[in-house]
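Chemist: Predicted model and sequence follow; I will ask about them next.
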Amino acid sequence: MLTAPVLVARADDLLHTLLTAGTRRGDAVALAVDIRPGPAGPAVVGVATTAGCWGFTAARADDAAGALAAVEDRLRPRWVWWSAAASAGPLVSRGPRLATCWDVAAVHRILAGGAVDDPARVWAFLHGLDLSSVPRTGQLDLLAGTASEPTSATADPDDVLEAGGHLRADWAGGGWARDADRAGRWARGALTARALQLDRLGAAQDADRRRATAHAESAAALLCVELGAAGLPLDVPTAEQLVGAAAGPRPRDAGHEAELRRARDDVVLRHLPERGAGVDLRNPATVRTALSRAGFDLPDTRSWRLEPWRGSSALVDALLAWRKSERVATTYGYGWLDRHVGADGRLRGAWAASDGAGGRMTAQAGLHNLPAELRPAVAAEPGRVLVRADLGQVEPRVLAAVSGDRALAAATRDDDLYAPVAARLGVDRPVAKVAVLAAMYGQTSGTAGQALAGLERAYPVAMRYLSRAYDDGWAGRSVTTYGGRRVEVGPLPAGLDEAAERAARARRGRFARNAVVQGAAAELFKAWAVTVRAGSRPLGAEVVLCLHDELLVHAPAEHADAVAALLHSCLREVALGWTGGSQVRFVADVRVVRRWSDAKD
DNA sequence: TTGACCACGTA
DNA sequence: CGTACGTGGTCAAC
């Protein structure tokens, strides 16, 4: 039934082979790439189209990269891969800039929910196979980097599949890259998986939008690989200076570090009896005891609890100041710079395209929670600028779109959505804002209560959308975002009494209500980000940071205005397609700056 | 060594 | 009784 891969003799032959097979511009071309470690290590490449599959090995990774770049230039295919991290990862640092793709793992996370996206489970899911019967490969195989023997004696050792229909564990564990023949079959497997995913998306009610989401999420996964490779441009001397201002000079050695640490601690401890004997500022329990002796009886020692005494208690002042400098000294100190900043001044961390509940992007190395006081260190390189754009009031605008509430959609025509909402409710703007946020996030206490009733009357469609999500979460049903991402709410903990169960269900309800808004906002944002990514390339610009509703583009200074215009036009384009012409308006604040912290240029 | 909790940064 | 995330600290259980 399956035809064996045809081996391409040399990397140079790849484009010719694809053209001969009738591949046209924009066709899907599946790709599996394995590049061995080392500066010029060998590469194993598998490629597949509906016409067949091929494989080749290249003595030098750059030869493989060049061959794929030639295909990209001539055919601009939709590259199909099991995951961008696995297949595009080895390539992006070697030159080829690939435009569009289909990321089987990313689409799987949309369809199935959750974060599990390895090829074996994706395959089982698409074929309705029992997930618990997915064959497992031993850790030893992964560590050794070699394929194990076939786990089933009856299986064809050259077949991707085991007798039971599962992907073979040894292949999935990396054994597909053992030779060019297997790589070709592995690429064909990805093409098959994509076809099955397309079937599922096509059967859904909102097939067009779901397919658009699949494309955007795939591109976002590729963008994440690029973000991890490119890094965030940092003005390292400024970064060192800011760290020094907060945490003191760079320690010479471990002894010096301990000495500096003692000196920092002492500024707080000298406000305590016996110079703080027995108090460890890094141990909240002892801090709480010490505060209690000083007359502050608090349930915990969090900063916001201490805030009321700022300015009136020298101890509280010293402790709050210590907390701030300790944060920089530990999480964002010299060690952090040494670990994550390269010799080229780029801050690098790993990016995930759809982690967590609603499918937001996540980033490591502190890229998503950089304290404001360090942001001046994020700076454009010479001859370049940062174009900074953030979406305004994105979540209520998203709610208007996904719920189809025409009244709320009308409010989005205003630059400040809360102004027309306040007018309609007959309340002050701050009250309207708190009420809208409370409705989306689930707060029920405080002053939002009365205004919430007004929201129910003014925007019943949007409020019904939220309460339905809440009910789903309460009952334990998964919810689905506007773009089609499944979000599981998880089971209740066992052994709860009635009150605890009610609290846990309410927590799930809030979670689900938030997930449909935050998740849809994440989908819109990523669609925007990948559209900007595509448009940036011809301008020599690149996206260097994605922060939930904010984009940072590193651009040649002469193209600053063009990139700024691009950010606006991409948002218009994406919003129009995303909302299906529902008249919901999205707005972005765009500024050209040298440093991230600059208000304007 | 691992997982829980605390604390705190961002959206 | 607002949600989500990543990181680093300490402690108790392994």
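Modeler: Perfect, I can see it now. Numbers count the residues shown, from 1 in each chain, chains lettered A, B, ... in the order given.
Chemist: Could you use CA atoms for every contact and neighbour count after this?
Modeler: OK.
Chemist: List the residues that contact A:Glu257.
Modeler: Taking CA atoms under 8 Å, 6 or more residues apart in numbering, we find A:Glu257 in contact with A:Pro251.
Chemist: Need the pLDDT of it.
Modeler: At A:Glu257, the model reports a pLDDT of 86.
Chemist: Over to A:Arg94?
Modeler: For A:Arg94, the model assigns a pLDDT of 85.
Chemist: looking at it, it is touching A:Asp62, isn't it?
Modeler: Yes - if you go by CA atoms under 8 Å, A:Arg94 and A:Asp62 touch, sitting 6.8 Å apart.
Chemist: These two: which has the busier surroundings?
Modeler: Using other CA atoms under 10 Å as the criterion, A:Arg94 and A:Asp62 rank with A:Asp62 on top: 21 against 14.
Chemist: mean confidence for stretch A:238-247?
Modeler: Rounded mean pLDDT across stretch A:238-247 is 91.
Chemist: Now do it: distance to the chain's middle.
Modeler: Offset of stretch A:238-247 from its chain centre (CA atoms, centre = their mean, to the nearest Å): 28 Å.
Chemist: In that stretch, which of the residues would be classed as buried?
Modeler: A:238-240, A:242-244, A:246-247 (16 or more other CA atoms under 10 Å).
Chemist: Residue numbers of chain A in contact with DNA strand B?
Modeler: A:284-285, A:288, A:300-304, A:320, A:323-324, A:327, A:368-373, A:547-550 (CA under 7 Å from any atom of the strand).
Chemist: List buried residues within those residues.
Modeler: Buried among the residues of chain A next to DNA strand B (16+ other CA under 10 Å): A:288, A:301, A:320, A:547-550.
Chemist: Tell me which residue lies nearest the centroid of chain A.
Modeler: Central residue of chain A (CA atoms, centre = their mean): A:Met361, 1.5 Å from the mean position.
Chemist: which phi and psi does that one have?
Modeler: Torsion angles at A:Met361 (phi, psi; degrees, to the nearest 10) stand at phi -70, psi 150.
Chemist: Could you chop chain A up by domain?
Modeler: Chain A breaks down into these domains under automatic domain parsing: A:6-203, A:236-338, A:345-393+A:522-599, A:397-519.
Chemist: quick one: contacts of the helix or strand hosting A:Ala239?
Modeler: Using DSSP states H and E, A:Ala239 sits within helix A:236-247. By CA under 8 Å, 6+ apart, the surrounding residues in contact with helix A:236-247 are A:250, A:324-326, A:328-329, A:332-334, A:345, A:373-374, A:376-377.
Chemist: What residue in the stretch 451-600 of chain A comes nearest to DNA strand C?
Modeler: With CA to the nearest atom of the strand as the measure, A:Phe511 is the residue of the stretch 451-600 of chain A nearest to DNA strand C, at 4.3 Å.
Chemist: does that residue count as helix, strand or coil?
Modeler: Under the three-state scheme (DSSP: H, G, I helix; E, B strand; the rest coil), A:Phe511 adopts helix.
Chemist: what about it, neighbour count?
Modeler: 20.
Chemist: Strands along the stretch 451-600 of chain A, start to end?
Modeler: For the stretch 451-600 of chain A, the strands defined by DSSP state E, counting those that start in this stretch occupy A:479-480, A:486-487, A:542-546, A:550-556, A:587-593.
Chemist: show me the residues around the residue of the stretch 451-600 of chain A closest to DNA strand C that make contact.
Modeler: Contacts for A:Phe511 were tallied using CA under 8 Å, 6+ apart; they are A:470, A:473, A:489.
Chemist: 10 Å - rerun?
Modeler: Neighbouring residues of A:Phe511 by CA atoms under 10 Å, 6 or more residues apart in numbering: A:357-358, A:441-442, A:469-470, A:473-474, A:489, A:505.
Chemist: For A:Pro493, see how far away it is.
Modeler: A:Phe511 sits 15 Å away from A:Pro493, taking CA to CA, to the nearest Å as the criterion.
Chemist: next one: A:Arg513
Modeler: Computed as CA to CA, the A:Arg513 to A:Pro493 distance reads 20 Å.
Chemist: A:Gly66 now?
Modeler: A:Gly66 sits at a distance of 53 Å from A:Pro493 (criterion: CA to CA).
Chemist: Which of the two has more residues huddled nearby?
Modeler: Higher neighbour count among A:Gly66 and A:Pro493: A:Gly66, with 17 against 9, using other CA under 10 Å.
Chemist: So which elements touch the helix or strand harbouring the more buried one?
Modeler: Using DSSP H and E, the element containing A:Gly66 is helix A:61-75. If you count contacts as 3 or more CA pairs under 10 Å, 6 or more residues apart in numbering; DSSP states H and E, helix A:61-75 packs onto helix A:14-20, strand A:28-35, strand A:43-49, strand A:52-58, helix A:89-92.
Chemist: And those, which one averages the lowest pLDDT?
Modeler: helix A:89-92 (a mean of 88).
Chemist: ok, residues contacting that helix?
Modeler: Here helix A:89-92 makes contact (CA under 10 Å, 6+ apart) with A:33-37, A:43, A:61-62, A:64-66, A:68-69, A:83-85, A:97-98, A:222, A:224-226, A:228-230.
Chemist: Count the residues that sit near A:Ala11.
Modeler: Counted with other CA under 10 Å, the neighbours of A:Ala11 add up to 21.
Chemist: still on that earlier bit, out of the residues of chain A next to DNA strand B, name the ones that lie in helices.
Modeler: Within the residues of chain A next to DNA strand B, residues falling in helices by DSSP state H are A:284-285, A:288, A:303-304, A:320, A:323-324, A:327.
Chemist: Tell me the pLDDT of A:Leu142.
Modeler: Note on A:Leu142: pLDDT of 41.
Chemist: Next: A:Ala9.
Modeler: 79.
Chemist: OK, contacts around it?
Modeler: Applying CA under 10 Å, 6+ apart to A:Ala9 gives the contacts A:54-58.
Chemist: In TSV, list those along with distance to A:Arg275.
Modeler: What follows is these, written out as TSV (distance: CA to CA, whole Å):
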residue	distance to A:Arg275
A:Trp54	74
A:Gly55	71
A:Phe56	71
A:Thr57	69
A:Ala58	68
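Chemist: most surrounded residue in these?
Modeler: A:Gly55 leads these on contacts (other CA under 10 Å) with 29 neighbours.
Chemist: for it, which residues make a bridge with it?
Modeler: For A:Gly55, the beta-bridge partners are A:Leu7, A:Gly46 (DSSP bridges).
Chemist: From what I see, it and A:Asp34 are in contact.
Modeler: No - between A:Gly55 and A:Asp34 there is no contact under CA atoms under 10 Å: 11.5 Å.
Chemist: what sits in contact with each of these two?
Modeler: A:44-46, A:179, A:183.
Chemist: List just the nearest of the contacts of A:Ala9 to A:Leu408.
Modeler: A:Leu408 has its nearest neighbour among those in A:Trp54, at 53.2 Å by CA to CA.
Chemist: what's near enough to touch that closest one?
Modeler: With CA under 10 Å, 6+ apart, A:Trp54 has these contacts: A:4-9, A:14, A:17-18, A:31, A:45-48, A:180-185, A:187-188.
Chemist: How about A:Arg594?
Modeler: A:376, A:378-388, A:554, A:557, A:600-601.
Chemist: So which residues on the stretch 201-350 of chain A come close to DNA strand C?
Modeler: Counting by CA under 7 Å from any atom of the strand, the residues of the stretch 201-350 of chain A that sit close to DNA strand C are A:282-283, A:330-331, A:336.
Chemist: Name the helix or strand for the residue lying closest to A:Leu551 once chain neighbours are set aside, please.
Modeler: Leaving out its chain neighbours, the residue that sits closest to A:Leu551 by CA to CA, 6 or more residues apart in numbering is A:Ala389, at 5.2 Å. Using DSSP H and E, A:Ala389 falls within strand A:384-392.
Chemist: That strand packs against which elements?
Modeler: Using 3+ CA pairs under 10 Å, 6+ apart: strand A:384-392 touches strand A:542-546, strand A:550-556, helix A:560-579, strand A:587-593.
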